[in-house]
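# Coordinates only, no sequence provided:
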Ligand code: ATP
Ligand code: LTN
């Protein structure tokens, strides 16, 4: 039994990439591990968020976790800003983190290009807050998509640097990245990852997209040259669509390739669009059945539990560095 921590930013509605790369894994892990799943709202504000929309997105993210199968009886679900120790520990870790290490972070470089007029200190410091999220709870494993591996690596480095300076305090965690589905690509550009903050809504299938609109997005998705339904190098678009199809249907990519021998892209995409449409309908039925009151109760219970753990850990940390406890 391991301690598991992960989180998603409430920057917009969650998309298929977030589900297939992250939450699907969480649902499996909650069975035999101690799991903490967070809505990381303080990370979200490193890019400007409209306050009214952010408030809705925080609840929507938590409802999405529930509707995708995260079970509050098995896992704790909470909002990052409800436990103030995350920011407190982030400050302390700032005194250990090297600017040169943060400058190497790919996400920072990408976001700095995307948000040229708002390259704020929070955007730069983002991985340190993420390290605090993870280290605060003696986390062993961090299930994330491929893009977050580098941040978990940095978390390990910070844990070790802190331990070296002040004595054994933090557990150095490891990332848990699925072999398959860890990097779902954009439907409009299979060379870039599917992202909530992509410029075009045709990049992603949001889990709250109208199922008919989502089906159309699949029909419109970019394909590769040629006409074979095959995955592999030189076929980034088909590899991506086959991955999505396989993960949603449970059929292997090999079986799907066999099934579509001799078919064109049109027939393949039509079937995939139906799989996606059905998945979204089923998800949205569950999502719409969850009231605000119900999700607030889950978040409240989660935050209370996490505060207990966080307060205890912060006492140890403060003591180690010579602060009065
Ligand atoms: P944003 O575009 O706002 O930066 P995002 O779409 O990248 O957001 P995050 O909140 O950063 O989503 O990521 C939440 C989780 O989903 C992380 O574990 C991340 O690795 C995973 N994830 C995000 N995008 C993908 C993707 N395209 N394929 C697989 N996993 C993904
Ligand atoms: N940076 C992550 C979100 C995140 C996270 C975490 C993930 C914040 N804190 C702790 C795992 C563990 C992202 O997906 N963009």
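Structure's in. What do you need? These figures come from a predicted structure and were not determined experimentally. Residues are numbered from 1 along each chain as shown. Ligands and ions are numbered 1, 2, ... in the order given.
# switch to C-alpha atoms for all contacts and neighbour counts from now on
Will do.
# Can the host helix or strand of residue 37 be said to contact ligand 1?
Here residue 37 sits within strand 34-39, counting by DSSP states H and E. No. Using Cα under 6 Å from any ligand atom, strand 34-39 stays clear of ligand 1, with a minimum separation of 8.9 Å.
# per-residue confidence for residue 248?
pLDDT for residue 248: 97.
# I would like the residues contacting the helix or strand containing it, please.
Using DSSP H and E, residue 248 falls within helix 236-249. The contact list for helix 236-249 (Cα atoms under 8 Å, 6 or more residues apart in numbering) reads 20, 180-181, 184-185, 187, 189-191, 222-224, 229-232, 251-253, 256, 272, 275-276, 279.
# buried set for the strand holding residue 37?
For strand 34-39, burial by neighbour count (16 or more other Cα atoms under 10 Å) applies to 34, 35, 36, 37, 38, 39.
# Spatially nearest residue to residue 172 (excluding sequence neighbours)?
Closest residue in space to residue 172, ignoring its immediate chain neighbours: residue 156 at 4.8 Å, by Cα to Cα, 6 or more residues apart in numbering.
# Actually, residue 228.
Nearest non-adjacent residue to residue 228 (Cα to Cα, 6+ apart): residue 264, at 6.9 Å.
# hang on, that neighbour packs against residue 227?
Yes. Look at residue 264 against residue 227 with Cα atoms under 8 Å: they come within range, at 5.9 Å.
# re the thing from before, could I get the pLDDT score of the residue nearest to residue 228?
Residue 264 carries a pLDDT score of 89 in this model.
# Contact partners for it?
For residue 264, the contacting residues are 227, 228, 229, by Cα under 8 Å, 6+ apart.
# cool, residue 128 as well?
90, 93, 94, 97, 155.
# So which other helices or strands are in contact with the lowest-mean-pLDDT helix or strand in the chain?
Using mean pLDDT, DSSP states H and E, helix 106-114 stands out as the lowest-scoring helix or strand of the chain, at a mean of 92. If contacts are counted by 3 or more Cα pairs under 8 Å, 6 or more residues apart in numbering; DSSP states H and E, helix 106-114 sits against helix 121-135.
# circling back to that earlier point, ok, of the contacts of residue 128, which come out buried?
Buried by 16+ other Cα under 10 Å: 90, 93, 97, 155, out of those.
# Do I have it right that the third one meets residue 156?
No. In this structure residue 97 lies outside contact range of residue 156 using Cα under 8 Å: 11.3 Å.
# Residues of this structure that sit close to ligand 2?
Applying Cα under 6 Å from any ligand atom, we find that the chain lies next to ligand 2 at 5, 6, 7, 8, 9, 40, 130, 133, 134, 142.
# Can you name the residues that contact the residue lying farthest from the centre of the chain?
Centroid-distance maximum for the chain: residue 262 at 36.8 Å, with Cα atoms, centre = their mean. Residue 262 sits next to residue 228 when contact means Cα under 8 Å, 6+ apart.
# which phi and psi does it have?
Main-chain dihedrals, residue 262, degrees, to the nearest 10: phi 90, psi -10.
# Go through this protein and flag its longest helix.
Taking DSSP state H as the criterion, the chain has its longest helix at helix 292-321.
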